[in-house]
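Visitor: the sequence and its predicted three-dimensional model are supplied below.
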Amino acid sequence: MSEPDSPAVNDLPAEPAGSWSTLFHHARNPVFLLSRRGQIRYVNPAWETLTGKSAASVRGLACRPLKKKGTQPMRLLLQALAPPPEIGEGRTRIVRRPAPPAKAGPPWWDVTFVPIHTATDHVATIGLIHPIDVEAPRASAPATGLSEALITLRQEAIARWSFDLLVSETSAMQQVDAKARLAAGLRCPVWINGEPGTGKRTLARIIHFNGTTRDRSWLPIDAAGLQPFLIRTMLFGTPASTPGSVLLQHPHRLPADLQAEIVDWFEEQDDPPRVIVASSTTTGLIDRFRVAFGLLTIDLPPLRDRLGDLPEIIRQLPMGGPAVSPEALAMLRQHAWPGNIRELANVLRDAARTAGAGRIEVQHLPLVLRVPTPLLPQRPLPALDTVLEEVERRLITEALRLAKGNKADAAERLNVPRARLLRRIETLKIGEDTPS
């Protein structure tokens, strides 16, 4: 059996932050958290069920590849959870590992490793386990209740909306990829922020079709284009089955009472769908709505911050990726793209019509690109610790509000000890104007 590193690990808190602990604790997928040294710091109940090991028995054990062959179940378990070298470089990886002997379920695990970084350093790794039965056939019509044609369409959608669409050399998009994989595995509400045209709807589809609810339906709702009574019918009617994922676009256009109804409906469901919110603003949103669906946020960068990805973005456009000359590509890189990927797609569609069967040259581009607008300054990404503290601050503030300032009641709502809540209130400077 592997032993904890010495000296004792001190690069992470004794438990995950309250917001992360709550998120992982209720996840149906087995989730574990490793320190930067590869030691187990947290496992959720689903992980304990899958492995047959308690959190107390594995905490502090180091997950590393075996230097020599062994047969001890614990050693084989720790080897299955060992992060690959790419994690230290900030890259997300999915690795197929043999399940340790005597474990119930399929013989293989697909383990997703997601590195967590601060602005300067790799501090932790989140792991998600997906048991895989490589001998099992694909779902058939009798098992799913779907026709073969519909199963084929679903498989085509899964192939189309893959994580390959997020491939990028930029650190911002690599963070998007890591969070999207995390969201797909956890089946939790997701809030996608981004300027208009950055691909929020595409990212939502990727999360759905690669997530735990992909075998159920996909329900997009555009609050900017639908009347409230239609939205109520789509959500609160009596559908044949609960959708797998609900995409709420432009939620700030929803009336406040409907926002509250959606939160109530989501919390009352025994098997709720995944809710994905896509928004470019939080103005006009009630606190309950932001707290209920804003626990895991993904910030999509604008196209002007991804100009190095232009060839790959063009290749993935729905039109099939028109051929673009190097000179035209250089000119595309000089534009500020206020309309982001949507604007790029429209420009290339018009240019392809002008070019006919040939590749797009400079003369085929619109005049606005031939007189380039200056690039806007890049906005620095917030540090991960800052983001997590803000999430925790919102959760604690909301719990105190619901508890009318009673800290014992608030601690119970957050499922944390009262003493720990008091420490976090003091650390985050919450409660100066909150009743005792």
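Guide: Looks like it came in fine.
Visitor: please count neighbours and contacts with C-alpha atoms only from this point.
Guide: Fine.
Visitor: following the chain onward from the helix or strand encompassing Ala278, which element is next?
Guide: Assessed by DSSP states H and E, Ala278 sits inside strand 274-279. Next in sequence after strand 274-279, counting helices and strands by DSSP H and E, comes helix 287-293.
Visitor: who touches that following helix?
Guide: 189-191, 259-260, 263, 275-277, 394-395, 398 (C-alpha atoms under 8 Å, 6 or more residues apart in numbering).
Visitor: elements contacting whichever helix or strand comes after that helix?
Guide: Following helix 287-293 in sequence order, the next helix or strand is strand 296-299 (DSSP H and E). Packed against strand 296-299 by the contact rule (3 or more C-alpha pairs under 8 Å, 6 or more residues apart in numbering; DSSP states H and E) you find helix 171-186, strand 190-193.
Visitor: residue ranges with poor pLDDT in the stretch 151-300 of the chain?
Guide: In the predicted model of the stretch 151-300 of the chain, residues 151-152, 154-155, 157, 238-241 satisfy pLDDT under 70.
Visitor: hang on, the earlier thing: what's the most distant pair in the contacts of helix 287-293?
Guide: The span of the contacts of helix 287-293, defined through C-alpha to C-alpha, is set by Ile276 and Glu398 at 20.8 Å.
Visitor: who has more neighbours out of these two?
Guide: Ile276 (29 against 18; other C-alpha atoms under 10 Å).
Visitor: pretty sure the more buried one sits against Arg187.
Guide: No: using C-alpha atoms under 8 Å, Ile276 makes no contact with Arg187, being 10.1 Å away.
Visitor: distance check, the residue of the chain most remote from its centre against Ala352.
Guide: Distance from the C-alpha centroid of the chain, by C-alpha atoms, centre = their mean, peaks at Gln363 (40.6 Å). Using C-alpha to C-alpha, to the nearest Å, one obtains 11 Å as the distance from Gln363 to Ala352.
Visitor: ok, now Val111?
Guide: In terms of C-alpha to C-alpha, Val111 sits 42 Å off from Ala352.
Visitor: and stretch 357-366, average pLDDT?
Guide: Mean pLDDT, computed over stretch 357-366, is 89.
Visitor: pull up the distance across it, start to finish.
Guide: 18 Å.
Visitor: buried ones in that stretch?
Guide: Residues of stretch 357-366 classed as buried by neighbour count (16 or more other C-alpha atoms under 10 Å): 360-362, 364-365.
Visitor: same deal with stretch 284-303?
Guide: Those would be 285, 289-290, 292-303, for stretch 284-303 by 16+ other C-alpha under 10 Å.
Visitor: what number of residues lie near the nearest residue to Val43 once chain neighbours are set aside?
Guide: Nearest non-adjacent residue to Val43, counting by C-alpha to C-alpha, 6 or more residues apart in numbering: Phe32, 4.3 Å away. Neighbours of Phe32 under the rule other C-alpha under 10 Å: 23.
Visitor: gap between the host helix or strand of Phe32 and the chain center?
Guide: Assessed by DSSP H and E, Phe32 sits inside strand 31-35. Strand 31-35 sits 16 Å away from the centroid of its parent chain (C-alpha atoms, centre = their mean, to the nearest Å).
Visitor: same check on stretch 184-201?
Guide: Its chain's average C-alpha position is 7 Å from that of stretch 184-201, according to C-alpha atoms, centre = their mean.
Visitor: what's the end-to-end length of that stretch?
Guide: 15 Å.
Visitor: also stretch 230-242?
Guide: 17 Å.
Visitor: need the longest helix for the protein.
Guide: Scanning the chain for the helix with the most residues, using DSSP state H, yields helix 384-402.
Visitor: that one: how far from the chain's middle?
Guide: Remark: helix 384-402 is offset 19 Å from the chain centroid, using C-alpha atoms, centre = their mean.
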